[in-house]
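[1] next comes the sequence, and after it the predicted model I'd like to discuss.
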Amino acid sequence: MSNTSLYPTYARADLTFERGEGVWLESSDGTRYLDFAAGIAVNGLGHAHPHLVATLTGQAEKLWHVSNVFRIPDQERLAERLCAASFADRVFFTNSGSEAIEGAIKTARRYHFVTGNPERYRLITFEGAFHGRTLGAIAAGGQAKYLEGFGPRVEGFDQVPFGDIEALKAAIGPETAGVLIEPIQGEGGIRPLPHGDLKRIREICDDNGILLVLDEVQCGIGRTGRLFAHEWAGIEPDILAAAKGIGGGFPVGACMATEEAAKGMTTGTHGSTYGGNPLAMAVANAVLDVVLEPGFIERVSRLGLTLKQKLAGLVDSHPEVFETIRGEGLMLGIKCRVAPADVVAAARDHQLLTVGAGDNVLRLLPPLIVTEQEIDEAIGRLDAAATEIETRIAENRKGAAE
Ligand SMILES: *Cc1c(COP(=O)(O)O)cnc(C)c1O
(Lines give C-alpha, C1' and ligand atoms only; values in the text may rest on other atoms or scores of the structure.)
Protein backbone atom coordinates (compact mmCIF):
# COMPACT_ATOMS: atom_id res chain seq x y z
CA MET A 1 0.00 0.00 0.00
CA SER A 2 2.78 2.45 0.83
CA ASN A 3 5.37 3.62 -1.67
CA THR A 4 8.87 2.72 -0.51
CA SER A 5 10.44 5.78 -2.15
CA LEU A 6 8.59 8.10 0.22
CA TYR A 7 9.13 8.79 3.90
CA PRO A 8 6.43 6.64 5.50
CA THR A 9 5.42 9.56 7.74
CA TYR A 10 1.76 9.37 6.74
CA ALA A 11 -0.67 6.47 7.26
CA ARG A 12 -2.28 7.06 3.89
CA ALA A 13 -5.61 5.69 2.68
CA ASP A 14 -5.09 3.59 -0.47
CA LEU A 15 -6.98 6.00 -2.67
CA THR A 16 -5.83 8.31 -5.46
CA PHE A 17 -7.78 11.06 -7.14
CA GLU A 18 -7.75 12.11 -10.73
CA ARG A 19 -9.84 15.29 -10.77
CA GLY A 20 -12.23 17.36 -8.75
CA GLU A 21 -15.12 19.71 -9.28
CA GLY A 22 -16.70 21.74 -6.52
CA VAL A 23 -17.37 19.52 -3.51
CA TRP A 24 -16.74 16.34 -5.53
CA LEU A 25 -13.57 14.34 -6.13
CA GLU A 26 -13.19 11.59 -8.70
CA SER A 27 -10.86 8.71 -7.90
CA SER A 28 -8.60 7.08 -10.47
CA ASP A 29 -11.18 4.31 -11.02
CA GLY A 30 -13.91 6.87 -11.75
CA THR A 31 -15.72 6.72 -8.38
CA ARG A 32 -17.15 10.02 -7.16
CA TYR A 33 -16.51 11.10 -3.56
CA LEU A 34 -18.19 13.84 -1.59
CA ASP A 35 -15.31 15.82 -0.11
CA PHE A 36 -16.07 16.97 3.44
CA ALA A 37 -12.37 17.13 4.27
CA ALA A 38 -11.38 19.77 1.68
CA GLY A 39 -7.70 18.91 2.01
CA ILE A 40 -8.04 19.71 5.73
CA ALA A 41 -9.83 23.06 5.46
CA VAL A 42 -7.72 24.15 2.47
CA ASN A 43 -10.03 23.92 -0.58
CA GLY A 44 -12.45 26.54 0.67
CA LEU A 45 -13.74 27.16 -2.84
CA GLY A 46 -13.84 23.47 -3.64
CA HIS A 47 -11.96 21.85 -6.51
CA ALA A 48 -11.27 23.48 -9.88
CA HIS A 49 -13.16 26.67 -9.05
CA PRO A 50 -13.45 28.46 -12.43
CA HIS A 51 -12.21 31.82 -11.10
CA LEU A 52 -9.15 30.19 -9.48
CA VAL A 53 -8.39 28.11 -12.57
CA ALA A 54 -8.64 31.14 -14.87
CA THR A 55 -6.47 33.24 -12.56
CA LEU A 56 -3.82 30.55 -12.08
CA THR A 57 -3.52 29.70 -15.76
CA GLY A 58 -3.56 33.38 -16.76
CA GLN A 59 -0.80 34.21 -14.27
CA ALA A 60 1.19 31.09 -15.24
CA GLU A 61 1.54 32.50 -18.76
CA LYS A 62 2.81 35.84 -17.46
CA LEU A 63 5.05 35.52 -14.41
CA TRP A 64 5.66 32.97 -11.66
CA HIS A 65 8.45 34.18 -9.48
CA VAL A 66 10.80 37.14 -9.16
CA SER A 67 12.03 37.23 -5.50
CA ASN A 68 11.15 39.69 -2.78
CA VAL A 69 14.08 41.92 -3.70
CA PHE A 70 11.56 43.46 -6.13
CA ARG A 71 8.16 44.95 -5.49
CA ILE A 72 5.32 42.53 -6.22
CA PRO A 73 2.09 44.43 -7.00
CA ASP A 74 -0.25 41.51 -6.30
CA GLN A 75 1.47 40.94 -2.94
CA GLU A 76 0.95 44.59 -1.99
CA ARG A 77 -2.67 44.37 -3.12
CA LEU A 78 -3.37 41.20 -1.15
CA ALA A 79 -1.81 42.69 1.98
CA GLU A 80 -3.88 45.86 1.60
CA ARG A 81 -7.06 43.83 1.15
CA LEU A 82 -6.34 41.60 4.16
CA CYS A 83 -5.59 44.65 6.30
CA ALA A 84 -8.73 46.46 5.12
CA ALA A 85 -10.83 43.43 6.06
CA SER A 86 -9.22 42.76 9.46
CA PHE A 87 -7.45 44.12 12.56
CA ALA A 88 -4.06 44.05 10.80
CA ASP A 89 -1.85 46.82 9.40
CA ARG A 90 1.06 44.69 8.17
CA VAL A 91 1.41 41.28 6.50
CA PHE A 92 4.29 38.90 5.79
CA PHE A 93 3.52 36.11 3.30
CA THR A 94 4.73 32.53 3.67
CA ASN A 95 4.19 29.16 1.97
CA SER A 96 2.62 27.28 4.87
CA GLY A 97 0.91 27.52 8.21
CA SER A 98 4.03 26.53 10.13
CA GLU A 99 5.98 29.35 8.54
CA ALA A 100 3.19 31.79 9.35
CA ILE A 101 3.44 30.62 12.98
CA GLU A 102 7.22 31.00 12.94
CA GLY A 103 6.71 34.53 11.63
CA ALA A 104 4.19 35.21 14.40
CA ILE A 105 6.53 33.93 17.12
CA LYS A 106 9.43 35.97 15.74
CA THR A 107 7.24 39.09 15.45
CA ALA A 108 6.14 38.75 19.10
CA ARG A 109 9.70 38.27 20.34
CA ARG A 110 11.09 41.16 18.26
CA TYR A 111 8.35 43.47 19.50
CA HIS A 112 9.58 43.14 23.06
CA PHE A 113 13.21 43.26 21.91
CA VAL A 114 12.78 46.65 20.24
CA THR A 115 10.63 48.03 23.05
CA GLY A 116 13.45 47.47 25.55
CA ASN A 117 12.31 44.16 27.02
CA PRO A 118 14.50 41.56 25.29
CA GLU A 119 13.93 39.19 28.24
CA ARG A 120 10.29 38.83 27.18
CA TYR A 121 10.47 35.99 24.67
CA ARG A 122 8.20 33.28 26.13
CA LEU A 123 4.73 32.43 24.81
CA ILE A 124 1.97 30.75 26.77
CA THR A 125 0.09 28.06 24.84
CA PHE A 126 -2.79 25.66 25.52
CA GLU A 127 -2.61 21.90 25.85
CA GLY A 128 -4.03 20.13 22.80
CA ALA A 129 -2.69 22.87 20.52
CA PHE A 130 -1.34 22.26 17.04
CA HIS A 131 0.81 24.91 15.41
CA GLY A 132 2.63 22.93 12.71
CA ARG A 133 5.70 20.73 12.31
CA THR A 134 8.75 23.01 12.23
CA LEU A 135 11.02 22.85 15.28
CA GLY A 136 9.49 26.05 16.65
CA ALA A 137 5.94 24.94 15.91
CA ILE A 138 6.28 21.52 17.60
CA ALA A 139 7.73 23.23 20.66
CA ALA A 140 4.79 25.65 20.68
CA GLY A 141 2.28 22.82 20.20
CA GLY A 142 3.94 20.94 23.02
CA GLN A 143 2.71 17.47 22.05
CA ALA A 144 5.13 14.76 23.12
CA LYS A 145 4.35 12.58 20.08
CA TYR A 146 5.57 15.31 17.71
CA LEU A 147 8.60 16.31 19.82
CA GLU A 148 10.06 12.86 20.52
CA GLY A 149 13.46 12.21 19.01
CA PHE A 150 13.95 15.62 17.49
CA GLY A 151 16.52 16.92 19.92
CA PRO A 152 16.24 19.71 22.44
CA ARG A 153 12.85 21.37 22.38
CA VAL A 154 13.00 24.98 21.22
CA GLU A 155 12.94 27.06 24.39
CA GLY A 156 10.33 29.62 25.22
CA PHE A 157 6.90 28.00 25.47
CA ASP A 158 4.86 27.48 28.63
CA GLN A 159 1.79 25.31 28.33
CA VAL A 160 -1.34 25.46 30.48
CA PRO A 161 -4.49 23.28 30.38
CA PHE A 162 -6.92 24.17 27.58
CA GLY A 163 -9.14 27.10 28.53
CA ASP A 164 -7.74 27.38 32.06
CA ILE A 165 -7.68 31.16 32.51
CA GLU A 166 -6.39 31.05 36.10
CA ALA A 167 -3.47 28.84 35.07
CA LEU A 168 -2.78 31.19 32.17
CA LYS A 169 -2.66 34.18 34.52
CA ALA A 170 -0.40 32.31 36.90
CA ALA A 171 1.97 31.39 34.05
CA ILE A 172 2.64 35.04 33.14
CA GLY A 173 6.07 36.12 34.35
CA PRO A 174 8.75 38.72 33.62
CA GLU A 175 9.83 36.71 30.54
CA THR A 176 6.36 36.37 28.98
CA ALA A 177 6.00 37.92 25.52
CA GLY A 178 2.43 36.85 24.84
CA VAL A 179 -0.22 34.16 24.53
CA LEU A 180 -0.41 31.96 21.42
CA ILE A 181 -3.71 30.12 20.92
CA GLU A 182 -6.18 28.81 18.34
CA PRO A 183 -9.66 30.34 18.79
CA ILE A 184 -10.92 26.87 17.81
CA GLN A 185 -8.43 24.06 18.18
CA GLY A 186 -8.45 22.09 14.93
CA GLU A 187 -6.18 19.05 15.19
CA GLY A 188 -6.90 19.04 18.94
CA GLY A 189 -10.51 18.05 18.16
CA ILE A 190 -12.55 21.13 17.13
CA ARG A 191 -12.40 22.60 20.61
CA PRO A 192 -13.75 26.17 20.54
CA LEU A 193 -12.51 28.52 23.20
CA PRO A 194 -15.65 30.18 24.66
CA HIS A 195 -15.97 33.76 23.37
CA GLY A 196 -15.96 35.08 26.93
CA ASP A 197 -12.63 33.34 27.59
CA LEU A 198 -11.05 34.86 24.49
CA LYS A 199 -12.26 38.30 25.64
CA ARG A 200 -10.83 37.66 29.10
CA ILE A 201 -7.47 36.61 27.61
CA ARG A 202 -7.41 39.81 25.54
CA GLU A 203 -7.87 41.83 28.76
CA ILE A 204 -5.20 39.84 30.58
CA CYS A 205 -2.75 40.49 27.74
CA ASP A 206 -3.50 44.22 27.86
CA ASP A 207 -3.18 44.35 31.65
CA ASN A 208 0.24 42.69 31.46
CA GLY A 209 1.65 44.45 28.43
CA ILE A 210 1.92 41.18 26.48
CA LEU A 211 0.72 40.25 22.99
CA LEU A 212 -2.23 38.14 21.90
CA VAL A 213 -1.12 35.91 19.04
CA LEU A 214 -3.84 33.87 17.33
CA ASP A 215 -3.33 30.78 15.19
CA GLU A 216 -6.15 30.96 12.65
CA VAL A 217 -4.42 28.71 10.14
CA GLN A 218 -7.40 26.33 10.20
CA CYS A 219 -10.29 28.46 11.47
CA GLY A 220 -9.59 31.60 9.41
CA ILE A 221 -10.64 32.82 5.94
CA GLY A 222 -14.38 32.43 6.33
CA ARG A 223 -14.36 28.89 7.73
CA THR A 224 -16.37 29.71 10.87
CA GLY A 225 -18.79 32.16 9.23
CA ARG A 226 -16.60 35.19 9.91
CA LEU A 227 -13.45 36.13 7.98
CA PHE A 228 -11.52 35.32 11.17
CA ALA A 229 -12.88 33.28 14.07
CA HIS A 230 -11.84 35.80 16.74
CA GLU A 231 -14.42 38.24 15.33
CA TRP A 232 -17.11 36.15 17.03
CA ALA A 233 -15.65 37.18 20.39
CA GLY A 234 -15.60 40.86 19.45
CA ILE A 235 -11.86 41.17 20.09
CA GLU A 236 -8.75 41.80 18.01
CA PRO A 237 -5.38 40.08 18.31
CA ASP A 238 -1.99 41.77 17.95
CA ILE A 239 -0.63 39.09 15.63
CA LEU A 240 -2.36 36.36 13.62
CA ALA A 241 -1.20 33.42 11.53
CA ALA A 242 -3.36 32.39 8.56
CA ALA A 243 -2.82 29.75 5.85
CA LYS A 244 -4.85 26.74 4.65
CA GLY A 245 -7.95 28.39 3.15
CA ILE A 246 -6.11 31.53 2.04
CA GLY A 247 -4.68 29.94 -1.12
CA GLY A 248 -7.59 27.59 -1.89
CA GLY A 249 -5.06 24.79 -2.50
CA PHE A 250 -2.08 26.86 -3.59
CA PRO A 251 0.49 26.90 -0.76
CA VAL A 252 0.13 30.32 0.88
CA GLY A 253 0.36 31.53 4.45
CA ALA A 254 0.28 34.94 6.07
CA CYS A 255 1.55 36.43 9.29
CA MET A 256 -0.57 39.49 10.03
CA ALA A 257 0.04 42.09 12.73
CA THR A 258 -0.88 45.55 13.93
CA GLU A 259 1.56 48.37 13.13
CA GLU A 260 2.60 48.40 16.79
CA ALA A 261 3.15 44.63 17.12
CA ALA A 262 5.07 44.49 13.83
CA LYS A 263 7.42 47.31 14.69
CA GLY A 264 10.40 45.06 15.37
CA MET A 265 10.24 43.44 11.93
CA THR A 266 12.50 45.91 10.20
CA THR A 267 14.49 45.49 6.98
CA GLY A 268 16.58 42.33 7.04
CA THR A 269 14.98 40.73 10.11
CA HIS A 270 12.97 38.09 8.25
CA GLY A 271 12.59 36.67 4.77
CA SER A 272 11.36 33.92 2.47
CA THR A 273 12.44 33.05 -1.04
CA TYR A 274 9.05 31.92 -2.28
CA GLY A 275 6.72 33.64 0.19
CA GLY A 276 4.36 35.99 -1.61
CA ASN A 277 5.52 35.23 -5.15
CA PRO A 278 3.39 36.43 -8.09
CA LEU A 279 1.81 33.03 -8.81
CA ALA A 280 0.75 32.49 -5.18
CA MET A 281 -0.47 36.06 -4.78
CA ALA A 282 -2.58 35.95 -7.93
CA VAL A 283 -4.38 32.85 -6.63
CA ALA A 284 -4.80 34.18 -3.08
CA ASN A 285 -6.26 37.43 -4.44
CA ALA A 286 -8.69 35.35 -6.51
CA VAL A 287 -9.71 33.44 -3.36
CA LEU A 288 -10.41 36.75 -1.63
CA ASP A 289 -12.43 37.96 -4.65
CA VAL A 290 -14.91 35.20 -3.86
CA VAL A 291 -14.70 35.03 -0.06
CA LEU A 292 -15.17 38.80 0.32
CA GLU A 293 -18.14 38.93 -2.08
CA PRO A 294 -21.11 40.31 -0.13
CA GLY A 295 -23.06 37.46 1.42
CA PHE A 296 -20.46 34.71 0.92
CA ILE A 297 -19.31 34.48 4.55
CA GLU A 298 -22.87 34.94 5.88
CA ARG A 299 -23.87 31.97 3.76
CA VAL A 300 -21.12 29.88 5.40
CA SER A 301 -22.61 30.75 8.77
CA ARG A 302 -26.13 29.81 7.65
CA LEU A 303 -25.07 26.52 6.06
CA GLY A 304 -22.95 25.75 9.11
CA LEU A 305 -26.04 25.98 11.28
CA THR A 306 -27.95 23.72 8.89
CA LEU A 307 -25.14 21.14 8.95
CA LYS A 308 -24.86 21.37 12.73
CA GLN A 309 -28.61 20.78 13.19
CA LYS A 310 -28.60 17.80 10.86
CA LEU A 311 -25.56 16.35 12.62
CA ALA A 312 -27.34 16.77 15.95
CA GLY A 313 -30.11 14.61 14.45
CA LEU A 314 -27.51 11.94 13.62
CA VAL A 315 -26.21 12.04 17.19
CA ASP A 316 -29.76 11.41 18.41
CA SER A 317 -30.29 8.49 16.07
CA HIS A 318 -26.84 6.91 16.65
CA PRO A 319 -26.12 7.33 20.36
CA GLU A 320 -23.73 4.38 20.38
CA VAL A 321 -21.51 5.95 17.71
CA PHE A 322 -21.78 9.70 18.24
CA GLU A 323 -21.76 11.81 21.38
CA THR A 324 -21.87 15.58 20.73
CA ILE A 325 -21.37 18.20 18.00
CA ARG A 326 -19.10 21.18 18.38
CA GLY A 327 -17.55 23.93 16.30
CA GLU A 328 -18.63 26.99 14.39
CA GLY A 329 -19.69 27.56 10.78
CA LEU A 330 -18.32 24.87 8.49
CA MET A 331 -15.64 23.81 10.99
CA LEU A 332 -17.55 21.12 12.82
CA GLY A 333 -16.57 18.12 14.89
CA ILE A 334 -18.49 15.11 16.13
CA LYS A 335 -17.19 13.64 19.33
CA CYS A 336 -17.44 9.88 18.82
CA ARG A 337 -17.99 6.95 21.15
CA VAL A 338 -15.98 4.75 18.77
CA ALA A 339 -12.55 5.37 17.23
CA PRO A 340 -12.95 8.28 14.75
CA ALA A 341 -10.69 6.40 12.33
CA ASP A 342 -13.40 3.70 12.11
CA VAL A 343 -16.00 6.32 11.21
CA VAL A 344 -13.64 7.94 8.66
CA ALA A 345 -13.17 4.49 7.05
CA ALA A 346 -16.89 3.62 7.10
CA ALA A 347 -17.79 7.02 5.62
CA ARG A 348 -15.14 6.54 2.94
CA ASP A 349 -16.77 3.23 2.04
CA HIS A 350 -19.86 5.34 1.34
CA GLN A 351 -17.81 7.79 -0.74
CA LEU A 352 -17.82 10.52 1.88
CA LEU A 353 -14.44 11.99 2.86
CA THR A 354 -13.94 13.27 6.43
CA VAL A 355 -10.94 13.76 8.75
CA GLY A 356 -10.14 12.53 12.24
CA ALA A 357 -8.82 14.77 15.01
CA GLY A 358 -7.72 14.55 18.64
CA ASP A 359 -10.09 13.99 21.57
CA ASN A 360 -11.96 11.25 19.66
CA VAL A 361 -13.41 13.70 17.17
CA LEU A 362 -14.46 13.32 13.54
CA ARG A 363 -14.01 16.58 11.60
CA LEU A 364 -16.33 17.86 8.89
CA LEU A 365 -14.67 20.63 6.89
CA PRO A 366 -16.53 20.87 3.57
CA PRO A 367 -15.60 23.46 0.96
CA LEU A 368 -17.32 26.75 1.86
CA ILE A 369 -19.23 26.60 -1.44
CA VAL A 370 -21.11 23.45 -0.36
CA THR A 371 -24.84 23.46 -1.12
CA GLU A 372 -27.73 22.37 1.08
CA GLN A 373 -28.32 19.37 -1.20
CA GLU A 374 -24.70 18.29 -0.80
CA ILE A 375 -25.08 18.63 2.97
CA ASP A 376 -28.14 16.36 2.81
CA GLU A 377 -26.19 13.90 0.68
CA ALA A 378 -23.34 13.87 3.22
CA ILE A 379 -25.75 13.37 6.13
CA GLY A 380 -27.30 10.40 4.32
CA ARG A 381 -23.88 8.83 3.77
CA LEU A 382 -22.76 9.44 7.35
CA ASP A 383 -26.04 7.96 8.56
CA ALA A 384 -25.37 4.81 6.52
CA ALA A 385 -21.81 4.61 7.85
CA ALA A 386 -22.99 4.97 11.45
CA THR A 387 -25.67 2.32 10.94
CA GLU A 388 -23.01 -0.08 9.71
CA ILE A 389 -20.83 0.59 12.74
CA GLU A 390 -23.83 0.04 15.03
CA THR A 391 -24.59 -3.28 13.36
CA ARG A 392 -20.98 -4.29 13.96
CA ILE A 393 -21.19 -3.24 17.63
CA ALA A 394 -24.42 -5.27 18.04
CA GLU A 395 -22.84 -8.33 16.40
CA ASN A 396 -19.80 -8.10 18.67
CA ARG A 397 -22.06 -7.82 21.70
CA LYS A 398 -24.04 -10.84 20.58
CA GLY A 399 -20.81 -12.76 19.92
CA ALA A 400 -19.51 -11.88 23.39
CA ALA A 401 -22.77 -12.98 25.04
CA GLU A 402 -22.81 -16.36 23.31
C1 LIG B 1 -2.42 23.01 9.66
C2 LIG B 1 -2.13 23.90 10.81
C3 LIG B 1 -0.85 24.45 11.02
C4 LIG B 1 0.34 24.11 10.16
O5 LIG B 1 0.17 24.43 8.84
P6 LIG B 1 1.12 23.75 7.72
O7 LIG B 1 0.70 24.42 6.46
O8 LIG B 1 0.85 22.29 7.75
O9 LIG B 1 2.52 24.07 8.10
C10 LIG B 1 -0.70 25.34 12.07
N11 LIG B 1 -1.71 25.65 12.87
C12 LIG B 1 -2.95 25.14 12.71
C13 LIG B 1 -4.05 25.54 13.63
C14 LIG B 1 -3.19 24.23 11.70
O15 LIG B 1 -4.41 23.68 11.55
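    Ah, there it is. Numbering: from 1, shown residues only.
[2] helices of the stretch 301-402 of the chain, residue ranges please.
    Taking DSSP state H, counting those that start in this stretch, the helices of the stretch 301-402 of the chain run over residues 340-349, 372-401.
[3] okay, those helices, which one's buried deepest?
    Mean neighbour count (mean count of other C-beta atoms under 10 Å) peaks for helix 340-349 among those, with a mean of 19. Using the backbone N, CA and C atoms, a C-beta is placed for each residue, glycine as well.
[4] could you give the separation of that one from the chain centroid?
    Here helix 340-349 is found 21 Å from its chain centre; the criterion is C-alpha atoms, centre = their mean, to the nearest Å.
[5] how about the helices in the stretch 1-150 of the chain?
    38-41, 50-60, 73-84, 97-114, 135-141, 144-147.
[6] select, out of these, the one closest to residue 374.
    The closest of the helices of the stretch 1-150 of the chain to residue 374 is helix 38-41. By C-beta to C-beta, the value is 12.0 Å.
[7] ok now that closest one, how far from the chain's centre?
    With C-alpha atoms, centre = their mean as the basis, the mean position of helix 38-41 lies at 9 Å from the chain mean.
[8] next one: stretch 236-252
    Using C-alpha atoms, centre = their mean, the offset of stretch 236-252 from its chain centre is 8 Å.
[9] that stretch: end-to-end distance?
    22 Å (C-alpha to C-alpha, to the nearest Å).
[10] report pLDDT for residue 402.
    Here, the pLDDT recorded for residue 402 equals 79.
[11] that one: how many residues sit nearby?
    5 (other C-beta atoms under 10 Å).
[12] take the helices of the stretch 301-402 of the chain and lay them out in JSON lines including distance to residue 177.
    Below are those laid out as JSON lines (distance: least, C-beta to C-beta, whole Å):
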{"stretch": "helix 340-349", "distance to residue 177": "35"}
{"stretch": "helix 372-401", "distance to residue 177": "42"}
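[13] minimum distance to the ligand: which of the ones you listed has it?
    The ligand sits nearest to helix 340-349 of all the helices of the stretch 301-402 of the chain, at 16.5 Å, using C-beta to the nearest ligand atom.
[14] give me the packing partners of that closest one, helices and strands only.
    For helix 340-349, the packing partners by 3 or more C-beta pairs under 8 Å, 6 or more residues apart in numbering; DSSP states H and E come out as strand 355-357, strand 361-364, helix 372-401.
[15] what about whatever residue of the chain ends up closest to the ligand, how many residues close to it?
    Ranking the residues of the chain by distance to the ligand (C-beta to the nearest ligand atom) places residue 97 first, at 2.2 Å. By the measure other C-beta under 10 Å, the count of residues near residue 97 is 30.
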